[in-house]
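J.: Structure for this input, please:
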Amino acid sequence: MLRRGAVTIRSRSATYDPATGEVRATGGVLLTDPTRAVRAEAIRAVLGGDWEAEGVVAFVKDVPVDLGAVDTLEAARGRGRNRLSFSGSHLSGDAEGRFRLDDARLTLCDCPGGCAPSWEVSSGKADVVPGKRAILSWPVLRITPRFLLIDKPVPVLVLPWLYVPLGDRQTGLLLPTVGSASTTGFAVAQPLFVTLGRSADATLTAEYRFGPSRDNVDKGNPSIKGPGARLELRWAPAVGADGRFELAWVHDEVREPRGEGGDRFAFVGGHTQRIGKVASLAASLQLAGDPVWVRDHENDLLRAMTPYRRSAVLLSGRRDPLVLEAGAGYLQPLRPQGIVDGERYGFLGADDRLANRWPSLAASLLPVAMGPIQLSGRLGSVRYAPVSGAYDATGRPAATRADARLELEVPLLLGGAISLAPYLRGAATGYAFEADRSSVGSAWGVAGAALSTEVSRRFGAVQHAIAPRLEWRAGTAAAGDRLSWLAYDAFDRSGAGLLSSGPPGGWQQLRAAVATRLSRGTADLVRLEVGQDVDLGSRRFGETFATAAGGAGGFGANASVRFRAIDGREGTAPVPPYPSRLLDRFAEMGANLSMADRRGDSLHASFSSVGPGGSSELVAGRDPLFDLRPAPFVAASSLGVGARAVVGGATLGYDAGFLGREGDLGCRDGSTRHLAPMGPAQHKATFVWNSPCRCFRIVAYASINACGEVSYDASIDISQLASARRAP
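T.: Numbers count the residues shown, from 1 in each chain. You can find the predicted model right below:
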C-alpha cells in the first residue's frame, strides 16, 4: 500500500520513485481518492499528475467521500453515490481529472449489488471530463429490459457520435419521444436541453405529427399534421421563487371543417414567489391561439371538452391582523365542439364578450379581539368587463364595484360545556357602470348564532364523541338598488340569478345537525353526521343531509348525500334530457373509496352526482346557509374506478370513467355517442417502469373512449439522474 495525501494505491507489487512521485503497480491494483475508485491489472501514475492503467473498472463519486480505508473495489463502489461507472482496456488521465478510455463501457446508473446497469453506452474511444461530459465515437446504446425478464444489456441504438452530459444540468440532446393520438396520428419529438446559468434552463423540442388516417380527415374530424416546436423555460432565481413558461407552435397542414389550420400556438406557464416574510406572488398563464387548440391537442376526452382556460395573477401580503390582496384574471373561451359559424372570436377570444375579473384590490381584517368581541371585516374594489364593448354576452354592463363588510362576534362558553357564538354582519356594495347607467348601491344586514356542545367517553385508546350543533341565520332585504341581472360574484345581491350573497328579500334559516365520531389519538377512525335545513321564513323544510368518513391503515372512504326528505323544491327545476328514477331523488351525492398496501398496490373509486336544479347548499351565496331556488343546472353524474399494481420495478395502472346516468357524450368530430347508465366513457391503461438503478423511468399509456378514439404515448424520463441517491 502506498499513500500520499488523499491518494491510496494497493497492489500485490509496486515500485515508487520518491524523486518523481511515480508509481508502477501490478496485480489487483486499487487506486482511491475522495472522488474516484479505480481497479486495474496494472497502473502507472505520478501522484498528483498524469496516470495510465490497463484493464480498468472505475467509479467516479457524486461528492467527495473518504475511501482511504477501503481495500476492495466492491467496498469502494458501495460507499457514497456513484455519478459515473466505466470500464475499458486502456485508460490515460491527467492531474485535472480528464481521461481517455479505449474499448469503453460507460453508464450513469448506480445499480445495487453490482447488477447489470439499466442502460450503458459502449464505444471504441471515450473522452471524459468527470462531472461535465463524455464524448464517444461510434457508441452503442444498450439497455437491460428487466420488465421483459432479460437481465443482460441488449444493444438498441448505434450512433456515429454522442455527447453524454455527466453533471446535474448539462446542455445536450435528451432522448426522443414517440406517441399517437386520434387527432395527430403518429408523432415524434426530439428535445434539446440548454442550461442558462445556475438557476435557469430551457428545453427546445422539435416535433412532427404525421397526421391521422385519411378516413379521419375525410370525415371532417379534428386533425393535426405538420411540423411543430416547443420552447420551455424554467427558472428558480432564489429560495421561494420559481417559474415555468412554455410556448408551443405547430404548422397545421390540415384545416378540417369547424377547425383551424396554418400556424397555431399556445402559452402555458406560471410563477410563484415569496416576497420577504409577509408577501407572496402567484401568476398563471394559459392561453390558446385558437378556440380548438385544447380539443385538438388534449388526449383525454374529458379535458378536451374544457370550455375555457384561466389566466390570473395574485399579489398578497399579511401583517397580522390585516391581509392585503391585488389581482386580476382572464377567462379565455374555448370551442370544444368546433368553431361556431359566423362567430367573431377575436384574438385569444377577445371578441367573445365574456365578463372578466380585471384589476382588483382587497383589504381583509382577520378576527381581532376587542375585549369580549371579535371584530373582522373587508374592503374591496374590482372591475368586471369584457375585453371590448360595454356589455357582456349575458347583458351585464361593464362595472367597477366597491364592497364593504363588517362583522362583530361574541364567542361565549355557557356552563363550561356549551359554546354560543352570536354575531352581526353588515355589508354594502356600490357600482359605477361604463354604459349609460347611473351608479347604484345597496346594503343589507345579517344576524346569526351557532350553538354547539360535545360529550365523549373513552374506551381504552378509542374515544367516542357526540357533537350536536344548531345554527341560525337571518338576513334583511337589500336596501337600495339590487342588481336586476346575474350577480358578478358571490358578494352581490341580485334578484335575477343565484350564486349571490343571499336570496331576494328577507330570509331566516335554521340548520340542525349531530355528529358522532370514533377516534384514536388525533385520527378519526369513523365520523358520521346527519342534519336538516329549515327555512323559517316560509316555514318549509329544506334538504336533509348526511356525511360519513372513515379510514384505517391503507383504507379510506367518505360519502355525502343531500335530498329533500320532507318538503318538495320551490320552483321548477330543469327537466333532465334523460331522467333517472334513482338519481333525480337526490340533490347531490358523492363518494370516494381507496385501498392501498405497503407495496403500493391500490384500488380507488369515486362517484359524484348533481340532481335537477342542483343542491341548495351548492348555490347558496356568502351569507345564507342555503338557497331553495332551483339553479339552471343540467343533472349530471359520473363514476371513476381504477387500480394500481406493482410488479417488480413496474407499476401497472387501469382507470375507467363512466356516465352515472344515461346521456350523450360529445366527440371531437362533432358527433355524439349515446351511453346507457353506467356506460363506459373512457378506458386508460398506464405502464410505469422505474429502473432499480434509479437512472431512468419509462412512462407509457394507451386510452380509448366511447367515440372509438385511440391515443397512446411513451417516453423515457432520465431526470432522476440529477437527484438519485442510493437506497439504504
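J.: could you list every residue that touches E434?
T.: A385, A390, P397, A398, A399 (C-beta atoms under 8 Å, 6 or more residues apart in numbering). Backbone N, C-alpha and C define where each C-beta goes, glycine included.
J.: would you turn those residues into a markdown table with pLDDT, secondary structure and neighbour count?
T.: Shown next, in a markdown table, are the contacts of E434 (pLDDT from 0 to 100; DSSP: H, G, I helix; E, B strand; the rest coil; neighbours: other C-beta atoms under 10 Å):
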| residue | pLDDT | secondary structure | neighbour count |
| --- | --- | --- | --- |
| A385 | 94 | strand | 22 |
| A390 | 89 | coil | 15 |
| P397 | 93 | strand | 18 |
| A398 | 94 | coil | 20 |
| A399 | 95 | strand | 23 |
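J.: Go through those and say which is closest to T205.
T.: Of all these, T205 sits closest to A385, with 37.6 Å by C-beta to C-beta.
J.: biggest separation within the contacts of E434, which pair?
T.: A390 and A399, at 9.9 Å, using C-beta to C-beta across those.
J.: ok so, going back, tell me the one among the contacts of E434 nearest to D597.
T.: A385 (53.9 Å).
J.: Any chance you could give me the strand or helix carrying A546 in PDB, C-alpha atoms only?
T.: Using DSSP states H and E, A546 sits in strand 540-552. Coordinates of each C-alpha in strand 540-552 appear next as PDB, following Å, rounded to 0.1, in the frame of the first residue of the first chain:
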ATOM      1  CA  ARG A 540     -90.700  24.800   4.900                       C
ATOM      2  CA  PHE A 541     -88.100  22.100   5.400                       C
ATOM      3  CA  GLY A 542     -85.000  22.300   3.200                       C
ATOM      4  CA  GLU A 543     -82.600  19.500   2.400                       C
ATOM      5  CA  THR A 544     -81.700  16.600   4.700                       C
ATOM      6  CA  PHE A 545     -78.000  15.800   4.600                       C
ATOM      7  CA  ALA A 546     -75.700  13.100   5.800                       C
ATOM      8  CA  THR A 547     -71.900  12.500   5.600                       C
ATOM      9  CA  ALA A 548     -69.700   9.600   6.600                       C
ATOM     10  CA  ALA A 549     -66.000   9.200   6.600                       C
ATOM     11  CA  GLY A 550     -63.500   6.700   7.900                       C
ATOM     12  CA  GLY A 551     -60.100   5.200   7.500                       C
ATOM     13  CA  ALA A 552     -57.600   2.900   9.000                       C
END
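J.: contact partners of it?
T.: 509, 513, 523-535, 556-567, 570, 587, 615-617, 626, 628.
J.: Just checking: what are the partner strands of it?
T.: Looking at strand 540-552 with DSSP bridges, its partner strands are strand 523-535 (antiparallel), strand 555-563 (antiparallel).
J.: Switch those strands over to a markdown table; also include mean pLDDT, mean neighbour count and distance to E120.
T.: Output for the strands paired with strand 540-552, formatted as a markdown table (pLDDT from 0 to 100; neighbours: other C-beta atoms under 10 Å; distance: least, C-beta to C-beta, whole Å):
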| stretch | mean pLDDT | mean neighbour count | distance to E120 |
| --- | --- | --- | --- |
| strand 523-535 | 95 | 17 | 47 |
| strand 555-563 | 96 | 17 | 42 |
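J.: got those as CSV, with distance to L420 columns?
T.: Below are the strands paired with strand 540-552 laid out as CSV (distance: least, C-beta to C-beta, whole Å):
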stretch, distance to L420
strand 523-535, 19
strand 555-563, 27
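J.: How far away from the center of its chain is stretch 470-487?
T.: Relative to its chain's centre, stretch 470-487 lies at 37 Å (C-alpha atoms, centre = their mean, to the nearest Å).
J.: Then stretch 652-662?
T.: 20 Å.
J.: same question, stretch 262-277
T.: The answer for stretch 262-277 is 15 Å, by C-alpha atoms, centre = their mean.
J.: which parts of that stretch are buried?
T.: Buried residues in stretch 262-277, counting neighbours by 16 or more other C-beta atoms under 10 Å, are found at R264, A266, F267, V268, G269, G270, H271, Q273.
J.: I'd like to know which of the residues you listed is nearest to R10.
T.: Nearest to R10 among these, with distances taken as C-beta to C-beta, is Q273, at 52.6 Å.
J.: What strand or helix carries that closest one?
T.: With DSSP H and E as the test, Q273 turns up in strand 262-275.
J.: List the buried residues in the helix or strand following that strand.
T.: Next helix or strand after strand 262-275 toward the C-terminus (DSSP H and E): strand 279-288. Buried positions in strand 279-288, judged by neighbour count with 16+ other C-beta under 10 Å: S280, L281, A283, S284, L285, Q286, L287, A288.
J.: Could you write out the alpha-carbon coordinates of the following helix or strand past strand 279-288 in CSV?
T.: For strand 279-288, the following helix or strand on the C-terminal side (DSSP H and E) is helix 293-297. Provided in CSV are the C-alpha atoms of helix 293-297 (Å, rounded to 0.1, in the frame of the first residue of the first chain):
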residue,chain,number,x,y,z
TRP,A,293,-56.3,24.1,-29.6
VAL,A,294,-57.1,22.3,-26.4
ARG,A,295,-59.6,20.0,-28.2
ASP,A,296,-57.0,19.1,-30.8
HIS,A,297,-54.0,18.6,-28.5
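J.: could you say what helices and strands helix 293-297 packs with?
T.: Other elements packing on helix 293-297 under the criterion 3 or more C-beta pairs under 8 Å, 6 or more residues apart in numbering; DSSP states H and E are strand 262-275, helix 301-304.
J.: out of the contacts of E434, who's nearest S223?
T.: A385 (36.4 Å).
J.: Run a quick check on the closest one versus N356, I expect a contact.
T.: Yes - the pair A385 / N356 is scored as a contact, 6.8 Å apart, by C-beta atoms under 8 Å.
J.: Low-confidence bits of the stretch 1-150 of the chain, can you list those?
T.: The stretch 1-150 of the chain contains residues with pLDDT under 70 at 113-114, 147.
J.: coming back round to it: out of the strands paired with strand 540-552, flag the one nearest P160.
T.: For these, proximity to P160 was assessed by C-beta to C-beta; strand 555-563 is nearest, at 54.5 Å.
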